[in-house]
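Participant: Give me the fold of what follows.
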Amino acid sequence: MPSPLSRRLLAEFLGSALLAAVVIGSGIAAQRLSADAGLQLLENAAATAAGLFALILIFGPVSGAHFNPVVSLVDAAFGGLRRRDLVPYIAAQVTGCVAGAVLANAMFALAAVSISTHHRASPAHLLSEVVATCGLLLVIFSLVRTGRPATVPAAVGAYIGAAYWFTSSTSFANPAITAGRVFSDTFAGIAPASVPTFVLAQLAGGLAAFGLIRTLYPT
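Facilitator: I've put the predicted structure just below:
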């Protein structure tokens, strides 16, 4: 039996908040510790990959550890998440990521809220978000639908760590984390003007993944 909705929403909120804190906090630390941009990205990617692995292990048994509205949308489309739970899941994910951004700022003695000025929405970035999101969904649902859910935490961490490097957008692949990163004008931030097109690209990637999953893994 699934956990009560209140417990699942708490898990999604906490997991999303900690994910945002990992992404943004490690970006701040990398920027302070290293002068080289490549090394900063490596440090940010490594921390995010390891953090995702741990967070999915922690919260997966409670809520499925979505932490991502696109994952929840596709899961609902396949019948895994009840559709009446979709809006509460997304609300928990978005508010969690915003709270995590504030937490990361506070842990590094920055203003609790600082709106990012890092514009990212170039055509190359948007294409990267389609690819990154599609790939993430393929990793998750291919493993689940072929009876290998225990490998999801490691596979997702590895994929996101790699996607930091093979996409020009550094693989946000998540509308909730995109919204959260608005609230930190640091290495990992994104300007509000870039958010709508990023989210549209992520939704397009999710739609592409849904079609591919249905074709490759029909049962």
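Participant: Please state the backbone phi and psi of the residue nearest the centre of the chain?
Facilitator: Central residue check for the chain by C-alpha atoms, centre = their mean: the C-alpha nearest the mean position is that of residue 174, 4.2 Å away. Backbone geometry at residue 174, expressed as degrees, to the nearest 10, gives phi -160, psi 110.
Participant: Would you check how far apart the closest residue to it other than its chain neighbours and residue 150 are?
Facilitator: Once flanking residues are discounted, residue 174 sits nearest to residue 68: 4.3 Å by C-beta to C-beta, 6 or more residues apart in numbering. Placement of C-beta: from N, CA and C, glycine included. Between residue 68 and residue 150 the distance is 20 Å, computed by C-beta to C-beta, to the nearest Å.
Participant: who's in contact with residue 71?
Facilitator: When contacts are counted by C-beta atoms under 8 Å, 6 or more residues apart in numbering, residue 71 is found next to 136-137, 140.
Participant: if you set the cut-off to 10 Å instead, what comes out?
Facilitator: Taking C-beta atoms under 10 Å, 6 or more residues apart in numbering, we find residue 71 in contact with 64-65, 80-81, 89, 93, 133, 136-137, 140-141, 156, 173-174, 176, 206, 209.
Participant: now swap in residue 208 and tell me
Facilitator: Listed by C-beta under 10 Å, 6+ apart, the contact set of residue 208 reads 130-131, 133-135, 137-138.
Participant: wait, isn't the residue nearest to the centre of the chain in contact with residue 190?
Facilitator: No - in this structure, residue 174 sits apart from residue 190 without contact. The criterion is C-beta atoms under 10 Å, and the distance is 11.5 Å.
Participant: Are there residues contacting both of the two? Which ones?
Facilitator: Overlap between the neighbourhoods of residue 174 and residue 190 consists of 180-181, 198, taking contacts as C-beta under 10 Å, 6+ apart.
Participant: Nothing else from me, thank you.
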